[in-house]
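Asker: dropping a prediction and its sequence here:
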2 protein chains.
Amino acid sequence: MTRIRLSSPSQIYQATRISSTYARGYSKMTSASAAQPNTLTAPEPTVVNRSHHEFDKTLFDSLLSRRFFFAPAFEIYGGVAGLYDYGPPGSSLQSNILDAWRKHFIIEEDMSELDTTIMTLHDVLKTSGHVDKFADWMVKDAKTGEIFRTDHLVEAVLEARLKGDREARGQAAVPEAADDDKKKKKKKVVKSTAVKLEDATVQEYESLLAQIDNFTGPQLGEIIKKHAIVNPETGNELTDPVEFNLMFESQIGPTGQIKGYLRPETAQGHFVNFGRLLDFNNGRVPFASAQIGKSFRNEISPKQGLLRVREFTMAEIEHYVDPKDKRHPRYAEAKDIVLNLLPKEVQEGGETTLTQMSIGDAVDKGIVDNETLGYFLGRIYLFLTKIGIDPKRLRCRQHMSNEMAHYASDCWDFEIQSSYGWIECVGCADRSAYDLTVHANKTKQKLVVKETLSEPNVYDKLEPVFEAKAFGMKFKKEARNIQGAITALDNDAMTKFKNALDAQGQAPVDVEGTEYIITSDLVKVEKKTVTEYVREFTPNVIEPSFGIGRILYSLLEHSYWARESDVNRGVLSLPAMVAPIKCLIVPLSNNESFNPLLSEITSKLRRAGVPSRVDASGASIGKRYARNDELGTPYGLTIDFASVSKRTLTVRERDTTDQLIGSVEDVVAVVADLCNDRLSWKQACEKLERYSGVQDTE
Amino acid sequence: MTRIRLSSPSQIYQATRISSTYARGYSKMTSASAAQPNTLTAPEPTVVNRSHHEFDKTLFDSLLSRRFFFAPAFEIYGGVAGLYDYGPPGSSLQSNILDAWRKHFIIEEDMSELDTTIMTLHDVLKTSGHVDKFADWMVKDAKTGEIFRTDHLVEAVLEARLKGDREARGQAAVPEAADDDKKKKKKKVVKSTAVKLEDATVQEYESLLAQIDNFTGPQLGEIIKKHAIVNPETGNELTDPVEFNLMFESQIGPTGQIKGYLRPETAQGHFVNFGRLLDFNNGRVPFASAQIGKSFRNEISPKQGLLRVREFTMAEIEHYVDPKDKRHPRYAEAKDIVLNLLPKEVQEGGETTLTQMSIGDAVDKGIVDNETLGYFLGRIYLFLTKIGIDPKRLRCRQHMSNEMAHYASDCWDFEIQSSYGWIECVGCADRSAYDLTVHANKTKQKLVVKETLSEPNVYDKLEPVFEAKAFGMKFKKEARNIQGAITALDNDAMTKFKNALDAQGQAPVDVEGTEYIITSDLVKVEKKTVTEYVREFTPNVIEPSFGIGRILYSLLEHSYWARESDVNRGVLSLPAMVAPIKCLIVPLSNNESFNPLLSEITSKLRRAGVPSRVDASGASIGKRYARNDELGTPYGLTIDFASVSKRTLTVRERDTTDQLIGSVEDVVAVVADLCNDRLSWKQACEKLERYSGVQDTE
């Protein structure tokens, strides 16, 4: 078995791979972006009142940095590419997303949660294939030693040459968005020079670029030689591509003999615990395990902020099903959900046109492989849109045949559109029985489900009968292993073995690479009738796998806008469910008479499950509100002198800046209902009076 | 500055160090254990009805393994010492503890949450002192290469010799508990032989054992030589002790030139972000940052299950205060809490007698250094007892002078008593300005608070005035560094520098290890009157640091008991707040007529915020309840035919096995109130009728 799921790292970590091939479809996607929202499923936004400025990445980045959503790790030490720290609003947002995830998946579906170690024994990742195959190809500048990821460099150079050719021919540039999308992926933007190419060369480059994700390292090396690709900065030649394993390696304990890796995914931690998980679930499938935790990839040259990082939070589900029955008991709840689908046939025809289709139709037409996979696609869609991802900027792309591991029956990625293009944020694959099988084979542990059959299964089977003593005399301590290998032969191999014994009086058997010749005096193969009362099977695994950092970043882009009145001040329209702070309390001034009411309101909100924050800084009310618009705080309560004398409060809604007034008790109750999704702002407006006493300006 | 906080790893990770010295006080502690509960603070348990069997560690361990609370990581691959995976109940328990922690500390006190990287740049941990000092001493068997932690081996061998001596003298053994407590700490239990020692030798061994934590590696090496300590198993000699750094090391990126470590604590991630955190908090102290996350220690030879592991979850708070004002605004809420204190003076006198004292008294008497530290001791106590730690098995031990880093002003450990003895589970230290100062010095970033003074501060100061041109001509590119070093001289050093210039016409200055001679034509030192309108200071840091795995394990021991009727079946009396599953729903049988009600109840409970689990297995009701007693599920709902026909439900309480009956609506409402701590079982018994129809037996 030479080809495994992990044939390239861009395939292994489905959840967060940036699909570079299909991101090229960006410009074509504008029509899809403008498509009708999915009326069946898109949650109706409570308030829509956003101005429609162009998305300004510089202002957006400045907001995220200024408000400490996240920042380069060890920034005061100069930082390291691909490592980021989340500050208070980023941490809260992340922890609210994870909390929503836990409720939506683990609690709602009674999944078995796990917390397995990050530090993983070499042997586990050797079996899973990561030690051998979880690598990218890198090349070095032959003189300076500068390191590049090979495919990214080749892509950048060829695209620059094509661009130069278009300039020389006086052709229009590729549309901005698509071009922009491509450039951001490269380690360096390679400058183009206006040089005309042969028509045949243009065609060759375009063909190479279309297949760039499919080349092996040696093939990339040949392309580099053939097309005289050098380091664009120095003009120096490049070394041959060599594989670089993307796992962080370390030693466990002081002996230096136990090698460990930081896990590149949480999945293997589920699989090695399958036996215990099955016990915990009373020995029956279907059930699911779930885990939230950090994983690590030692990227060659990470760029793109939170979208390609060396340490990231994942949330993974492994749902174990009977391979003969991939129905799902709650399928009916998902089948009417309409998704933007990009099936493999469409892509293989060179298109990226989306199809809007219900999950039920997609399963019925065989586009989505089975009900359970369809069910999870629906649940993932509901989760993403619930936390605030724009359903119009969300698509569900199927892996093409050459992208998918040979054993997988189907795989879909949820891609979210942002200024970086369409980014893979959730993967949902049917991994078949592959992982459990390889771990079972390696450890000789049975990782199977036993099902008591209502009617026994009767069939004929070839079975070896050994002359135990003679066998032992001949093969000594190897005897047991050889007998095991013969017993383990499948039906075809056993038939061949029997035929050879019958015909030649001897037959070869392979035991972990060594061939032994077995003579017919040592073993006979007999046909026996087997009556099975218990069916044993290795379950298949459906795996929804979430890259939390990518979802978080996309959500921030989707939530960001600016008011007409002040384009430099951003607003993050995060749903209350995930907003870092649900409610800001703003006392008019530092006057001490506000303090008792301040404590009362804070503690009332806390008891109602609404974490709040007090901003008692000296800044104007308007400035304080603007600051919290940037933090995505949906509601603001103002305490003024009337609050003290008449026990009234005003509440301000972030997106509309509307203000309502009512008694302390009523306003707190309304805010609690708003934050817990029991009330919309429109309904709140019917419960409380409109207020216009305090202006929302600086 | 050679001596730093981290002079030994047993000091650095305050939160989870097992205090081997004081654990010896175990036998003396029995009186303290039997002390009166703290009436002011101990939460009254709702139900107390436990039988008092001896704690059976074997049965307890079997329960934890069988119910998959946790298990060795990669168990099917043989596992690796010190790495554990949490299964479903362990994960839920942990996540509920962390949720309670987040509410109790982060939300309740509006702390700034962080999520910083585990992979940490070498330079950061070099500055903090971990690269040089975070190590244990190890020795090897000179022939087999077997590795021992030096202090543990010396301790084990000397104790075995003392035991042999007592046997030879016909003396009684050391009391079981204390002895047991000691043995479990060793890598191996060393067998004793009845050999009488000289009286002087006995005395010497006892003195060595009393100081075992304070010896350096070379000192331990001398003890090994002097007392002919060998590998007790092989009789082979031991190598000299060498330091083994406990951090897992790895490389960041493909160059091999950027060294990283897995963080041994989360604290440094807070400190390097101090500037941004201060901004986020409007530039003012006090404020606190908080972080929950994994940390790593590559222990030499971990034993003791969850109490000494190589990967663990921590929760750390760094509270930044003005060094001149360590009061706390909410101190009044904590000062009446009574703690079991073990102050340093008591320990230094060789005693481990506990003192029950209110925090207010301890601060007033100077036993606890300051109000903020006292406040956090109280908050920690409230948290631990709230989640179910037995207050009688909780003590607060102060670090002795020789345990504490030179810069720390005070440090207390919350130790929890379990079958392993008194184990350090939470540390609470005043780290002074040390960490911020070393990072600021190294990075040349100002990590200070600026306070606008109500009255300006006027004072005289010596300041250098440079002849810039001549200085530049003479020192070229070093000029700037040298001027910086001169400007940075403190008042005493500047006075000396000036005196030397005045007297000899020249003075030396040290710039990062290189001495330059500065002549008086290049610089003059003048006295200037400074008027400061802004006070700049480096805040002090109070650090409560929690080892979550240790707390979780201790909580499981404190919650465990067995009914008289069946000592082999355990009960875990976990508070509903942290119980992995709050409510079990048990349909009488698989009859389909139960299904609609089952869905209705499940969804009603979910809406009320009570995660539940259905056990529809074929086992008897009694067996199903017993299984869930082992999982610590506080409430069980039975659905029988009366439930369908009359819409009634019974609810069973885990600890008493009492059952109540009422309408579906009433019972769900009562269970929701019970789980959310709005109702005690006693109150529930007044709201619903007693039921005795279904027996709680198998």
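Answerer: The structure has been received and is ready for your questions.
Asker: checking A:Ile423 next. Helix, strand or coil?
Answerer: In three-state terms, and counting by DSSP: H, G, I helix; E, B strand; the rest coil, A:Ile423 is strand.
Asker: surely A:Ser301 is in contact with A:Ile147?
Answerer: Yes. Contact criterion CB atoms under 8 Å: A:Ser301 and A:Ile147 qualify, at 6.8 Å. In short, each C-beta sits where N, CA and C put it, glycine included.
Asker: for the longest strand seen in chain A, packing partners?
Answerer: Identified as the longest strand of chain A according to DSSP state E is strand A:449-466. Applying 3 or more CB pairs under 8 Å, 6 or more residues apart in numbering or on different chains; DSSP states H and E, one finds that strand A:449-466 contacts helix A:479-487, helix A:491-504, strand A:523-537.
Asker: can I get the ones you listed in TSV including mean pLDDT?
Answerer: Shown next, in TSV, are the helices and strands packed on strand A:449-466 (pLDDT from 0 to 100):
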stretch	mean pLDDT
helix A:479-487	89
helix A:491-504	91
strand A:523-537	92
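Asker: pick the most deeply packed of the ones you listed.
Answerer: Highest mean neighbour count among the helices and strands packed on strand A:449-466 (mean count of other CB atoms under 10 Å in any protein chain shown): helix A:479-487, with a mean of 16.
Asker: distance between stretch A:604-623 and the chain's centre?
Answerer: In terms of CA atoms, centre = their mean, to the nearest Å, the centre of stretch A:604-623 is set 34 Å apart from its chain centre.
Asker: same question for it, mean pLDDT?
Answerer: On average, the pLDDT along stretch A:604-623 is 87.
Asker: returning to what we had before: overlap in contacts, A:Ser301 and A:Ile147.
Answerer: Contact criterion CB atoms under 8 Å, 6 or more residues apart in numbering or on different chains; residues shared by A:Ser301 and A:Ile147: B:Gly253.
Asker: can you pull the contacts of A:Pro456?
Answerer: Contact partners of A:Pro456, counting by CB under 8 Å, 6+ apart, are A:Thr531, A:Glu532, A:Tyr533.
Asker: residues making contact with stretch A:192-205?
Answerer: Stretch A:192-205 has contacts (CB under 8 Å, 6+ apart) with A:Leu158, A:Ala160, A:Arg161, A:Leu162, A:Lys163, A:Gly164, A:Asp165, A:Glu167, A:Ala168, A:Arg169, A:His227.
Asker: now with 10 Å, please.
Answerer: If you take CB atoms under 10 Å, 6 or more residues apart in numbering or on different chains as the criterion, stretch A:192-205 is touched by A:157-170, A:173, A:223, A:226-227.
Asker: need the helices and strands packed on strand A:449-466 in TSV with distance to A:Arg67, can you?
Answerer: Below are the helices and strands packed on strand A:449-466 laid out as TSV (distance: least, CB to CB, whole Å):
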stretch	distance to A:Arg67
helix A:479-487	62
helix A:491-504	64
strand A:523-537	52
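Asker: output those as JSON lines; include the columns distance to chain B.
Answerer: Putting those into JSON lines (distance: least, CB to the nearest CB, whole Å) gives the following:
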{"stretch": "helix A:479-487", "distance to chain B": "18"}
{"stretch": "helix A:491-504", "distance to chain B": "26"}
{"stretch": "strand A:523-537", "distance to chain B": "16"}
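Asker: tell me where the stretch 1-150 of chain A has helices.
Answerer: Assigned by DSSP state H, counting those that start in this stretch, the stretch 1-150 of chain A shows helices spanning A:9-12, A:20-23, A:26-33, A:57-66, A:88-101, A:122-128, A:130-133, A:150-168.
Asker: as a quick check, tell me the outermost residue of chain A.
Answerer: Farthest-out residue of chain A from its mean C-alpha position, per CA atoms, centre = their mean: A:Asp521, at 57.1 Å.
Asker: contact partners for that one?
Answerer: A:Asp521 sits next to A:Glu467, A:Ala470, A:Phe471, A:Lys474, A:Leu501, A:Gly505, A:Gln506 when contact means CB under 10 Å, 6+ apart.
Asker: indicate which one of the helices and strands packed on strand A:449-466 is closest to A:Val321.
Answerer: A:Val321 lies closest, by CB to CB, to one member of these: strand A:523-537, at 10.3 Å.
Asker: which strands border that closest one, and is each parallel or antiparallel?
Answerer: Looking at strand A:523-537 with DSSP bridges, its partner strands are strand A:449-466 (antiparallel).
Asker: just give me how far the partner strand sits from the chain centre.
Answerer: Relative to the centre of its chain, strand A:449-466 is centred 41 Å away, using CA atoms, centre = their mean.
Asker: circling back: ok, of the contacts of A:Asp521, which one's closest to B:Arg330?
Answerer: B:Arg330 has its nearest neighbour among the contacts of A:Asp521 in A:Phe471, at 78.8 Å by CB to CB.
Asker: re the thing from before, and of the contacts of A:Asp521, the nearest to A:Thr234?
Answerer: A:Thr234 lies nearest to A:Gln506 out of the contacts of A:Asp521, by CB to CB, at 64.6 Å.
Asker: the closest one touches A:Leu522, doesn't it?
Answerer: Yes. In this structure, A:Gln506 is within contact of A:Leu522 by CB atoms under 10 Å, at 9.2 Å.
Asker: okay, those two: which has more neighbours?
Answerer: Neighbours per residue, other CB atoms under 10 Å in any protein chain shown: of A:Gln506 and A:Leu522, the larger number sits with A:Leu522, 23 against 13.
Asker: just give the nearest non-adjacent residue to A:Phe669, would you?
Answerer: For residue A:669 the amino acid is Ala, not Phe. Closest residue to A:Ala669 apart from its sequence neighbours, by CB to CB, 6 or more residues apart in numbering or on different chains: A:Ala608 at 7.6 Å.
Asker: residues contacting that neighbour?
Answerer: Applying CB under 10 Å, 6+ apart to A:Ala608 gives the contacts A:Cys583, A:Val668, A:Ala669, A:Val671, A:Ala672, A:Asp673, A:Cys675, A:Asn676.
Asker: one more: A:Leu384?
Answerer: Applying CB under 10 Å, 6+ apart, one finds that A:Leu384 lies in contact with A:His104, A:Asp390, A:Pro391, A:Leu394, A:Phe414, A:Ile416, A:Cys425, A:Val426, A:Phe546, A:Ile551, A:Ser554, A:Leu555.
Asker: quick one, helices of the stretch 501-650 of chain A?
Answerer: Applying DSSP H, counting those that start in this stretch to the stretch 501-650 of chain A gives helices spanning A:548-559, A:595-607, A:621-630, A:641-646.
Asker: among those, which comes closest to chain B?
Answerer: helix A:595-607 (7.1 Å; CB to the nearest CB).
Asker: and that closest one, how far out from the chain's middle?
Answerer: Put simply, helix A:595-607 sits 40 Å off its chain's centre (CA atoms, centre = their mean).
Asker: got the buried residues for that helix?
Answerer: For helix A:595-607, a neighbour-count test (16 or more other CB atoms under 10 Å in any protein chain shown) marks A:Leu597, A:Leu598, A:Ile601, A:Thr602, A:Lys604, A:Leu605 as buried.
Asker: excluding covalently adjacent residues, which one is nearest to the last one?
Answerer: What that stands for is A:Leu605. Leaving out its chain neighbours, the residue that sits closest to A:Leu605 by CB to CB, 6+ apart is A:Ser612, at 4.7 Å.
Asker: tally of neighbours for the one you found?
Answerer: Neighbourhood size, A:Ser612 [other CB under 10 Å]: 25.
Asker: what does A:Gly235 give?
Answerer: A:Gly235 has 9 neighbours, counted by other CB under 10 Å.
Asker: do A:Ala267 as well
Answerer: 26.
Asker: and for it, nearest residue in space, chain neighbours not counted?
Answerer: Distances taken as CB to CB, 6+ apart put A:Glu316 closest to A:Ala267, at 5.7 Å, once the chain neighbours are dropped.
Asker: got a list of what the one you found touches?
Answerer: Taking CB under 10 Å, 6+ apart, we find A:Glu316 in contact with A:15, A:114, A:265-267, A:269-270, A:289-293, A:295, A:427, A:543-547.
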